[in-house]
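Engineer: Sequence plus the predicted model coming up.
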Amino acid sequence: MDIKNMLRIWMLSLVCFCGAAACSSKEEENSKKKDNEEPEVQSLRDAPFPAGVAIAPNSLRNIAAYRELVIREASTITAENAMKPGNISKGRGEYFWDDVDYLIDFAQTNNMRLHGHCLVWYRQSVNSMPAWIQNFSGTKEEWKAIMREYILAVVGHCKGKVASWDVVNEAIADDGSFRGSTDVWCTNIGAPEYIDWAFRCAHEADPDALLFYNDYGHEYSAVKRTATNNLIRGMQERGVPVHGVGLQMHTNTNRSLQDLRTAIRTAAETGLKVHVSELDVSVNQAGAADVTFTEELQNAQFNSYMMVSSEMARLPQEQQHGITTWGVRDLETYGYPDWPLLFDKDFNRKKAYDGLYRGFSE
Ligand code: XIL
């Protein structure tokens, strides 16, 4: 071999060696990068609109796995009970803010929207209706004054921190009429006057808050759908500040997918924002004692959740207020077996979760 050839071979080997070294250092760099990069975490936060859960402050405080899950998944939260009138106010002028402030702080720290539920609810239970209101006696003007007093105090306290409120909950009875004598507000102020008044007071307290009328039954009752939309139309005609419709949607796997779709589409016809506000999908609607959560039921539940999220995803963006499931995990405490939520009792994602997630992009 002459000297020229020897030189060429030597140069070639050098190039190969340097190339290989460069390659391997690039690979090393890539793998280092991978180690340092956060693994991609799937989350309901990937949804094209806010999605989240109803929560209990004490579970957030005391159950680490619960808290972590909510932080990982939720971009909107609603207090399941803690912000209902009966829990906030045990006596006229008395307010309990600990849980409310805890939730405000939790939502702000973790970059979530806090939805307020609820300001006015006819239902006579410890949570929903304080005894001092239930037993109040006074003129119509005095009833309007106590409603205003309560709403100004609560919405005022949360001003700028609670983005949206269910101002009035469940004002319409199953036959489409207002509730009459079973509703102290209706009895003492009259409907829809008390509903208008509640919205006007909430708007006065926080003009930036989005105000919702929240109710149940839209997925199975045309009467409820029509009555809700008529109420909203009337409020709009009267210049009442109403910004959205909350569909509770406590539903079950026997409900047809078309019914779920109709509920959302009809609410959207108001032109207002739509919030699927209390979603859960029971697989044991009949309350049988011996139900197994079969693959068939899991698939049915997947489909229900997917229908809800895909319908929401199809609405114009400005109407997509979001989806909130009514609780975090399937609880052991039901009177009969059921698995209505997105996470099992050990906080694992269920097929229902995959269904809701899939619907975001369907
Ligand atoms: C329910 C809560 O989930 C229960 O823990 C509580 O005992 C009663 O209220 N419609 C509503 C919600 O608007 O506030 C209700 O929440 C479920 C029906």
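Structural biologist: Happy to help now that I have it.
Engineer: All the helices of this structure, residue numbers only.
Structural biologist: Under the criterion DSSP state H, helices of the chain are mapped to 3-36, 57-62, 64-73, 85-88, 98-109, 131-134, 140-157, 184-188, 193-205, 222-237, 257-268, 295-314, 351-360.
Engineer: how about the fifth one against the ligand, any contact?
Structural biologist: No. Judged by Cβ under 6 Å from any ligand atom, helix 98-109 and the ligand are separated, with a smallest distance of 14.0 Å. For every residue, glycine as well, the C-beta is placed using N, CA and C.
Engineer: who touches that helix?
Structural biologist: Under the contact criterion Cβ atoms under 8 Å, 6 or more residues apart in numbering, helix 98-109 has outside partners 55, 57, 60-61, 77, 79, 82-83, 87-88, 112-114, 157-158, 161-162.
Engineer: let's see it at 7 Å
Structural biologist: Contacts with helix 98-109, where a contact means Cβ atoms under 7 Å, 6 or more residues apart in numbering, come from P57, L60, I77, A79, A82, M83, I88, R113, L114, H157, C158, K161.
Engineer: Nearest residue to the first one in space, ignoring adjacent ones along the chain?
Structural biologist: In this structure, P57 finds its nearest non-sequential neighbour in D99, 4.5 Å apart by Cβ to Cβ, 6 or more residues apart in numbering.
Engineer: With G234 instead?
Structural biologist: In space, G234 is closest to P192, 6.2 Å off (Cβ to Cβ, 6+ apart).
Engineer: and the residue most central in space within the chain, bridged to which residues?
Structural biologist: Taking Cα atoms, centre = their mean, the centroid of the chain lies closest to T324, which sits 2.0 Å from it. Beta bridges link T324 to G52, judged by DSSP bridges.
Engineer: That one reaches S277, doesn't it?
Structural biologist: Yes. T324 lies in contact with S277 (Cβ atoms under 7 Å); the separation is 5.4 Å.
Engineer: Give me every residue in the protein lying close to the ligand.
Structural biologist: Residues of the chain lying near the ligand (Cβ under 6 Å from any ligand atom): E80, N81, N127, N169, Q248, E278.
Engineer: Serialize the residues you listed to TSV and add fields for pLDDT.
Structural biologist: TSV is the format used below for these (pLDDT from 0 to 100):
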residue	pLDDT
E80	97
N81	96
N127	90
N169	98
Q248	98
E278	98
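Engineer: Can you say which of these are buried?
Structural biologist: E80, N81, N127, N169, Q248, E278 (16 or more other Cβ atoms under 10 Å).
Engineer: thought the third one was touching I88?
Structural biologist: This means N127. No. Taking contacts as Cβ under 7 Å, N127 lies outside contact range of I88: 9.9 Å.
Engineer: Report the buried residues of stretch 187-196.
Structural biologist: N188, I189, A191, P192, Y194, I195, D196.
Engineer: And stretch 219-228, by the same measure?
Structural biologist: Neighbour counts over stretch 219-228 (16+ other Cβ under 10 Å) mark E219, Y220, S221, K224, R225, A227, T228 as buried.
Engineer: swap in stretch 159-171?
Structural biologist: Those would be K161, V162, A163, S164, W165, D166, V167, V168, N169, E170, A171, for stretch 159-171 by 16+ other Cβ under 10 Å.
Engineer: any idea which of those is closest to the ligand?
Structural biologist: N169 (5.1 Å; Cβ to the nearest ligand atom).
Engineer: residues in contact with the closest one?
Structural biologist: N169 touches C118, V120, W121, N214, counting by Cβ under 7 Å, 6+ apart.
Engineer: Could you do D166 as well?
Structural biologist: Here D166 is in contact with G116, H117, C118, F212, N214, G246, S277 (Cβ under 7 Å, 6+ apart).
Engineer: Could you give the number of residues near the third one?
Structural biologist: When you say that, I think you mean C118. Neighbour count for C118, taken as other Cβ atoms under 10 Å: 25.
Engineer: how near is it to L341?
Structural biologist: Counting by Cβ to Cβ, to the nearest Å, the gap from C118 to L341 is 21 Å.
Engineer: try W197
Structural biologist: W197 is 35 Å from L341, by Cβ to Cβ.
Engineer: what's the answer for I151, then?
Structural biologist: The value you get for I151 to L341, if Cβ to Cβ is used, is 31 Å.
Engineer: Kindly report the same for W143.
Structural biologist: 38 Å.
Engineer: same thing with V100?
Structural biologist: 24 Å.
Engineer: likewise V41?
Structural biologist: 20 Å.
Engineer: higher neighbour count, the two?
Structural biologist: Per other Cβ under 10 Å, whichever of V41 and L341 has more neighbours is L341, with 25 against 9.
Engineer: That one reaches D280, doesn't it?
Structural biologist: Yes. Contact status for L341 versus D280: in contact at 5.9 Å, counting by Cβ under 7 Å.
Engineer: what touches both of the two?
Structural biologist: With Cβ under 7 Å, 6+ apart, L341 and D280 have common neighbours T325, G327.
Engineer: hmm, back to that, give me the phi and psi angles of the residue nearest to G234.
Structural biologist: Per-residue torsions, P192: phi -90, psi 10 (degrees, to the nearest 10).
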